[in-house]
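Asks: Need the 3D shape of this:
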Amino acid sequence: MAAYRPVSRIADRKGKKSADPVPTRFQEFSEVVRPQLDAAFRAHLTGLLGDEVPIGSGRKTDILSGGKRIRGSLLCLVASALGGALKDALSRAVAVELIQTATLIHDDVVDQHRSRRNSPALWTLEGARKAVLLGDIIFASAIRMMSELGREDGLIASRAIAEVSRGAYQEPLNPSSLLEDTAVADAWDTALYEKIIGLKTGVLFGSASRLGAVSAKASGRSLQRWYQYGLKIGEAYQIADDLHEIERCLITRSMTRSEIIALAPALLFFVRESRPDLLKVLRRQSMVLRTELPKHFETAAGIMKVEIASRLQSAISAMEDDFPDNEYGRVARRAPRDIIAMFDEARTSVSSP
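Replies: Purely as a prediction, here's the structure:
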């Protein structure tokens, strides 16, 4: 394994050591690497899209360049903890962020979301067909980037895309089929939620962690541990996302049909006895929540908070106390909880007036 080289020193190509303090939290680490990650991501996207003509309120690269780069930062953190060089981690982090961007483009089309990160969703400007094709181009570009690095990198990227797509495919989309499935006793697969959070979100976090270890030339059992570490963070991340939606609905006391369909797997997983009341709501035209469903939402919210804490602990336990004994290893140990705290803070700031 390569000798331990702190990120702040690696960033200085002239060999001059930085006087910057070593980050102690994931948020601080992300702030250190994000400027380089943002620049590399934007440069690759600009080269890929070559869009000189603005569309709507901005260029495609502007619309697609947002985000906190949590997955890419996690990859760089794992690499740093294992003594890897940031230059080796950066291209892999860009590929992971490209996969996340393409996934969001496709999600917005499928879910008919009209905005993303306070900007118009790409499909509302370019049309669904071109948006889907652009997502495909970005997916393919990520695979090519990683394949050029090596066979293992290419396999991790292509498997991640396949699994993320499989997770999205398993999400319920049709109200009629959801009604039919939930109406039949014991027909609803409560394990569906586990599959969705693992495939849709957990896999990309897991792949990011694994690629960080690959970039530091780790091998064997270490790669699998880091994958499990990221996978559990991703699962907790998706549960936290669903929890925010449930809490928002408890405040507004209303939701769209597509929103309740999207939350149905979580509600049925955490509160199985909610099925009869969920059926009543799905059969009504109005999505104003009456007394029956909010009580299940409140129960689910309490259970989900406990589950998030449990999965974050599982992420730490997956390393079996083998976090590297250096500054970045200590950041990695606390990163699972820091990442969810970052997510909660971002969601709260968006929902606040």
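
Asks: For burial, what's the neighbour tally of R225?
Replies: 19 (other Cβ atoms under 10 Å). All C-beta atoms are positioned from the backbone trio N, CA, C, and that covers glycine.

Asks: element containing it?
Replies: helix 221-252 (DSSP states H and E).

Asks: likewise G67?
Replies: Here G67 is assigned to no helix or strand, by DSSP H and E.

Asks: ok, it to M342 distance?
Replies: Distance, G67 to M342, by Cβ to Cβ, to the nearest Å: 12 Å.

Asks: what about the strands in this structure?
Replies: Under the criterion DSSP state E, the chain contains strands at 115-116, 119-120.

Asks: Same list, these, but as a markdown table with mean pLDDT, distance to R210 and mean neighbour count please.
Replies: Below are these laid out as a markdown table (pLDDT from 0 to 100; distance: least, Cβ to Cβ, whole Å; neighbours: other Cβ atoms under 10 Å):
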| stretch | mean pLDDT | distance to R210 | mean neighbour count |
| --- | --- | --- | --- |
| strand 115-116 | 83 | 27 | 15 |
| strand 119-120 | 83 | 31 | 17 |
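
Asks: any chance of these in CSV, plus distance to S274?
Replies: Formatted as CSV, those follow (distance: least, Cβ to Cβ, whole Å):
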stretch, distance to S274
strand 115-116, 30
strand 119-120, 35
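
Asks: residue closest to the middle of the protein?
Replies: Nearest to the geometric centre of the chain sits T201, at 4.9 Å (Cα atoms, centre = their mean).

Asks: distance of S222 from D322?
Replies: Distance from S222 to D322, by Cβ to Cβ: 8 Å.

Asks: More neighbours: those two, which one.
Replies: S222 (17 against 13).

Asks: what's near enough to touch that one?
Replies: L82, A213, D322 (Cβ atoms under 8 Å, 6 or more residues apart in numbering).

Asks: at 10 Å what do you get?
Replies: Residues near S222 by Cβ atoms under 10 Å, 6 or more residues apart in numbering: M1, L82, R210, A213, V214, A216, M319, D322.

Asks: do the same with H296
Replies: Contacts of H296 (Cβ under 10 Å, 6+ apart): I246, L267, L268, F270, V271, R272, E273, S274, R275, D277, L278, L289.

Asks: For R221, grab the count of nearby residues.
Replies: For R221, the neighbour count with other Cβ under 10 Å is 10.

Asks: Hmm, D322 and it touching each other?
Replies: Yes: with contacts counted by Cβ atoms under 10 Å, R221 reaches D322, the gap being 9.2 Å.

Asks: Now list whatever residues contact both of the two.
Replies: Going by Cβ under 10 Å, 6+ apart, no residue sits against R221 while also sitting against D322.

Asks: Go through the contacts of S222 and name the one nearest E28.
Replies: Nearest to E28 among these is L82, at 19.0 Å by Cβ to Cβ.

Asks: ok, the closest one to S222 distance?
Replies: 8 Å.

Asks: Wait, Q170 touches V164, no?
Replies: No: Q170 sits out of contact with V164 when judged by Cβ under 10 Å, with a separation of 11.2 Å.

Asks: okay, the two: which has more neighbours?
Replies: Neighbours were counted for Q170 and for V164 using other Cβ under 10 Å; V164 has more, 24 against 16.

Asks: what about that one, distance to K60?
Replies: V164 sits 21 Å away from K60, going by Cβ to Cβ.

Asks: and if you look at R116?
Replies: Look at R116 and K60: by Cβ to Cβ, they are 12 Å apart.

Asks: can you list residues touching both of those two?
Replies: Common neighbours of R116 and K60 are listed as L122 (criterion: Cβ under 10 Å, 6+ apart).
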